[in-house]
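**Student:** quick one: sequence and predicted model below, then my questions.
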Amino acid sequence: MLSPPIEDDLDVELDQPKPRSHQRSRWSRSRRHRRRRRVFAAIGVVLAVCLIWLAVSLGGALTNPALGSSAGARLAEWFREHGGASIVNWAENEWYSHHQPKVGGALAKGTIQKPKTANLPATATVSHLPEPAPIVPIASPPVAGEGLWSPAGRLVDGVPAVYTTELRPSAIHTSYVVGVAWMDTTLLHATLYSGSQIPGGGPYTHTAPIAPTEATSLVTAFNAGFLMSGANGGYYTDGKTIDPLRTGAASFVVYKNGSSTVGQWGRDVSMSTSVVSVRQNLDLLVDNGQVVPAAYNAGATQWGATLGGALYVWRSGLGVTANGALVYVGGPGLDIVDLANILVKAGAVRAMELDINTDWVNYSIYQPSTPTGQANSANGTLLLPGMTGGTSRYFASWWARDFITMSAGSPSRG
């Protein structure tokens, strides 16, 4: 008997129903495939959202002049604000460790300006502090004009309220120059301008841009301190504590009558009904007319954790003299001891470090053509030509950092 064709056997087999286990396996594979597609789609959405956020956030930072004058500075600030401070600190320390200031060297001719003579009125109609004594140069031999004061900025009742000078910061780095400004607090009243970035929040009564009415008495404006995350201190203004004030912190304090001083919080200065603003930054750098011992600790992060504390960078500081004048120091190639030494030589009995790094150290002086003319970038000059940001940043609505102004009008007169 003949066997049936093989093809018939195949047809019979194909017509048979599939086992249930095979159907379940195929359904399971389909379900896993759909699940993977949903997971990949979700991941894609998350990545797209992250990339859009990154583009908006980082792109906004790179075009924001309030974060620095260069793309590198803006990128560093963005990383610090988004949890990357340790990476930025490492990169900056690596860079600065290989870019130490030049040892020795001579100044280019005309780097230090010839001092000007103050033309005081025969009979001043307003009381004022005596002109500051010349600063004894640190480097030897001295350069002509080094440490000698020149009047600068708007006059108050015909009397100079600000004097400036230049000198080399050390006997080792003799090709660098820093600027020093002396401010007569009997002729000038202080205002702390708060910013949306420092201390953050707001709005505040005084914030950039400086109003036209305020510009008619403005003499000088200069940078304040660190970001509050690195200031190791607090901030008080507009009758409220923005960041808690720390006992022992170096503090710049402004009172209702416009007078101001620098001191240790809880010892030299403290809260009262007459206090309108307190800006703290680190600890005192100069105390009792001497450099504090902690300044000699090269590894002390308290003087600028972002750069390791003892590195030579642009730095600034503010001090008060025995007769109440304020002195500002700012310039390149400064370690913390150099900054403190110059503040002492300028007469400071107490002093604090303000901001550091190239983009933030700025001292602008304004001299309108008339006694009540508006200060602006056209009649402004920098304490040092190399300072970043020009004299216009304080008149820009985008300027987000806090700063200090000194304006004509004695504290007693407001």
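**Tutor:** All right, it came through fine. Because the structure is predicted, anything quoted here is derived from the model rather than measured.
**Student:** can you give me the helices for this structure?
**Tutor:** 6-15, 20-62, 71-81, 85-97, 212-215, 228-231, 336-345 (DSSP state H).
**Student:** comparing those helices by mean pLDDT, which bottoms out?
**Tutor:** Among these, helix 6-15 carries the lowest mean pLDDT, a mean of 47.
**Student:** for Leu334, list each beta-bridge partner.
**Tutor:** Beta-bridge pairing of Leu334 under DSSP bridges involves Val313.
**Student:** that one: neighbouring residues, count only.
**Tutor:** 29 (other CB atoms under 10 Å). Yep, even glycine has a C-beta here, placed from its N, CA and C like the rest.
**Student:** numbering from 2 from now on, please.
**Tutor:** Okay, residue one is now 2; in that scheme the one you just asked about reads as Leu335.
**Student:** Trp304 reaches Ile337, doesn't it?
**Tutor:** Yes. Look at Trp304 against Ile337 with CB atoms under 8 Å: they come within range, at 4.3 Å.
**Student:** the more surrounded of those two?
**Tutor:** Ile337 (29 against 25).
**Student:** how close does the more buried one get to Ala172?
**Tutor:** 17 Å (CB to CB, to the nearest Å).
**Student:** please name the residues that touch Gly305.
**Tutor:** 227, 231, 312, 314, 316, 337, 354, 357 (CB atoms under 8 Å, 6 or more residues apart in numbering).
**Student:** oh, that last question was meant for Asp356, not what I typed.
**Tutor:** 224-227, 317, 362.
**Student:** with Ser218 instead?
**Tutor:** 155, 373, 408-410.
**Student:** buried ones among those?
**Tutor:** In the contacts of Ser218, burial by neighbour count holds for 155, 408-410, counting by 16 or more other CB atoms under 10 Å.
**Student:** nearest to Ala109, of these?
**Tutor:** Arg155 (29.9 Å; CB to CB).
**Student:** can you tell me how far the closest one is from Leu130?
**Tutor:** 17 Å.
**Student:** kindly report the domain assignment for this structure.
**Tutor:** 24-100, 151-409 (automatic domain parsing).
**Student:** most tightly packed of these?
**Tutor:** domain 151-409 (a mean of 21; mean count of other CB atoms under 10 Å).
**Student:** where in the protein is pLDDT low?
**Tutor:** 2-25, 27, 50-52, 54-103, 105-107, 110-111, 119-125, 299-303, 306-312, 413-415 (pLDDT under 70).
**Student:** any chance of JSON lines for the contacts of Asp356, columns distance to Ser176?
**Tutor:** As requested, the contacts of Asp356 are exported to JSON lines (distance: CB to CB, whole Å):
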{"residue": "Asn224", "distance to Ser176": "24"}
{"residue": "Ala225", "distance to Ser176": "29"}
{"residue": "Gly226", "distance to Ser176": "28"}
{"residue": "Phe227", "distance to Ser176": "28"}
{"residue": "Ser317", "distance to Ser176": "20"}
{"residue": "Val362", "distance to Ser176": "18"}
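**Student:** which of those sits closest to Gln265?
**Tutor:** Nearest to Gln265 among the contacts of Asp356, with distances taken as CB to CB, is Gly226, at 15.1 Å.
**Student:** please tell me I have it right and the closest one contacts Val279.
**Tutor:** No. Assessed by CB under 8 Å, Gly226 is found out of contact with Val279, at 11.5 Å.
**Student:** dump the domains of the chain into CSV; add distance to Thr118 as well.
**Tutor:** Converted to CSV, these look like this (distance: least, CB to CB, whole Å):
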stretch, distance to Thr118
domain 24-100, 35
domain 151-409, 8
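**Student:** hmm, Tyr194 is touching Ser408, no?
**Tutor:** No. Using CB under 8 Å, Tyr194 is not in contact with Ser408, being 11.4 Å away.
**Student:** please name the residues that touch Val137.
**Tutor:** By CB under 8 Å, 6+ apart, the neighbours of Val137 are 148, 346.
**Student:** backbone dihedrals for it, please?
**Tutor:** phi -70, psi 120 (degrees, to the nearest 10).
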